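> Show me how the following folds:
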Amino acid sequence: MANKLPLSDEALDLVARRFAVLAEPMRLRLIHALFAGEKNVNSLVEELEGTQANVSRHLQTLTQAHILARRKQGLQVFYSIADPSILKLCELVCGSLEKQLTKQAGVFR
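You can find the predicted model right below:
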């Protein structure tokens, strides 16, 4: 956010809501599972070993937040990543955590 105009309270509220959507481990697992491409609900339920109801609820939240896209084909529903910036955000956060943990591990050597 450096070198940009200050964000309004409304803008900061939107940012906070976006992070709140991502603050759920199952939602992050779903996003990670979709990095490889589109999958249907049954595949996601099986891969993540969740219940149909729980996975569907989280998929709905991510879709409403415009992070995932939803496509229906017959009786099946397919999900994919709608916001490509989410990939960059995940890479940034994971990379930062990896560096931090590597640095911490070095302290104990």
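> Report the residue spans of this protein with pLDDT below the cut-off.
Scanning the chain for pLDDT under 70 picks out the ranges 1-3, 107-109.
> Helices along that one, start to end?
For the chain, applying DSSP state H gives helices covering 9-22, 25-33, 41-48, 52-64, 85-107.
> mind checking which of those helices is nearest Gly74?
Nearest of the helices of the chain to Gly74, taken as C-beta to C-beta: helix 41-48 at 12.6 Å. Placement of C-beta: from N, CA and C, glycine included.
> Which positions within that closest one qualify as buried?
Neighbour counts over helix 41-48 (16 or more other C-beta atoms under 10 Å) mark 41, 44-45, 48 as buried.
> Turn the helices of the chain into TSV, columns for distance to Gln76.
Converted to TSV, the helices of the chain look like this (distance: least, C-beta to C-beta, whole Å):
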stretch	distance to Gln76
helix 9-22	24
helix 25-33	16
helix 41-48	7
helix 52-64	13
helix 85-107	23
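> Let me know which of those is the nearest to Phe78.
Comparing the helices of the chain under C-beta to C-beta, the one sitting nearest is helix 41-48, at 7.9 Å.
> and the gap between the closest residue to Thr63 other than its chain neighbours and Val41?
Leaving out its chain neighbours, the residue that sits closest to Thr63 by C-beta to C-beta, 6 or more residues apart in numbering is Arg70, at 5.0 Å. The gap separating Arg70 from Val41 is 10 Å, by C-beta to C-beta, to the nearest Å.
> cool, Glu91 as well?
For Glu91, the distance to Val41 - C-beta to C-beta - is 26 Å.
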